[in-house]
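Visitor: I'll drop the sequence and a predicted model, then ask my questions.
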Amino acid sequence: MKKNNPLAEGPDGLVCTARLPLSSATLNYLAGLMRGHLKKIGSRWRALPAGKIAGIVPAVLRCDQRPGDLAGGNRVHRTTVTRWVREVVGLPAARAPRLDRALKKIARKGGGVVLLDGSLIRTRRRTGAENRKNYSGKTTCHGLLVIALTDDQ
């Protein structure tokens, strides 16, 4: 059976671009995490270098660009961009401390006050099964919840 996985592109072959308000330090950090991950898993080849992948992933997350649009502009498949998003999101998340360990560390240092705060970052509405996952009933909008834990020091 022949696989038919053409590159994602429109009838005109238009390229979608995005302007991201990111510093070069942020992109370098993501690219460094990606390079370390590729070295750790022993990946010898990727369709694009880690620096280019680090630029594509925030465009999908921040500007809500469709992976198929960015894939067509970079001559890769849509599922490749989706896999890159999952990989790159998981890398900083793996470096974040667990909540119980962070609370124990604050208690060891003698911290008496801890503030747990969250903020909803609005995003555009998704379609299909992804629609309800990102919907906030309290604020009646679509978005992603970012939670921060701080102490008094």
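Guide: Arrived safely, thanks for sending.
Visitor: Can I take it that Leu115 is in a helix?
Guide: No: under DSSP: H, G, I helix; E, B strand; the rest coil, Leu115 sits outside any helix and is assigned strand.
Visitor: before we move on, what SS does the spatially closest residue to it that is not a sequence neighbour have?
Guide: Spatially, and ignoring its direct neighbours in sequence, Leu115 is nearest to Thr150 (4.9 Å; Cβ to Cβ, 6 or more residues apart in numbering). The way it works is simple: take the backbone N, C-alpha and C, and place the C-beta from them, glycine included. Under three-state DSSP, Thr150 falls in the strand class.
Visitor: Could you give me the buried positions within stretch 93-108?
Guide: Leu103, Ile106 (16 or more other Cβ atoms under 10 Å).
Visitor: what about it, distance to the chain center?
Guide: 22 Å (Cα atoms, centre = their mean, to the nearest Å).
Visitor: Thr80: what secondary structure?
Guide: Using three-state DSSP, the three-state assignment for Thr80 comes out as helix.
Visitor: Just give me the neighbour total for it.
Guide: Counted by other Cβ atoms under 10 Å, the residues lying close to Thr80 total 18.
Visitor: what sits against it?
Guide: Ala47, Ala71 (Cβ atoms under 8 Å, 6 or more residues apart in numbering).
Visitor: so the residue nearest to Leu115 sits right up against Val113, yeah?
Guide: No: applying Cβ atoms under 8 Å, one finds Thr150 not in contact with Val113, separated by 9.2 Å.
Visitor: hang on, the earlier thing: check contacts around the residue nearest to Leu115.
Guide: Val114, Leu115, Asp117.
Visitor: likewise Arg122?
Guide: So Arg122 contacts Cys141, His142, Gly143 (Cβ under 8 Å, 6+ apart).
Visitor: residue ranges of the helices in this structure, please?
Guide: Here the chain has its helices, by DSSP state H, at 24-41, 50-62, 67-73, 78-95, 99-108, 130-133.
Visitor: Output those helices as JSON lines; include the columns distance to Arg124 and mean pLDDT.
Guide: Formatted as JSON lines, the helices of the chain follow (distance: least, Cβ to Cβ, whole Å; pLDDT from 0 to 100):
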{"stretch": "helix 24-41", "distance to Arg124": "22", "mean pLDDT": "88"}
{"stretch": "helix 50-62", "distance to Arg124": "11", "mean pLDDT": "82"}
{"stretch": "helix 67-73", "distance to Arg124": "14", "mean pLDDT": "78"}
{"stretch": "helix 78-95", "distance to Arg124": "16", "mean pLDDT": "86"}
{"stretch": "helix 99-108", "distance to Arg124": "30", "mean pLDDT": "85"}
{"stretch": "helix 130-133", "distance to Arg124": "11", "mean pLDDT": "66"}
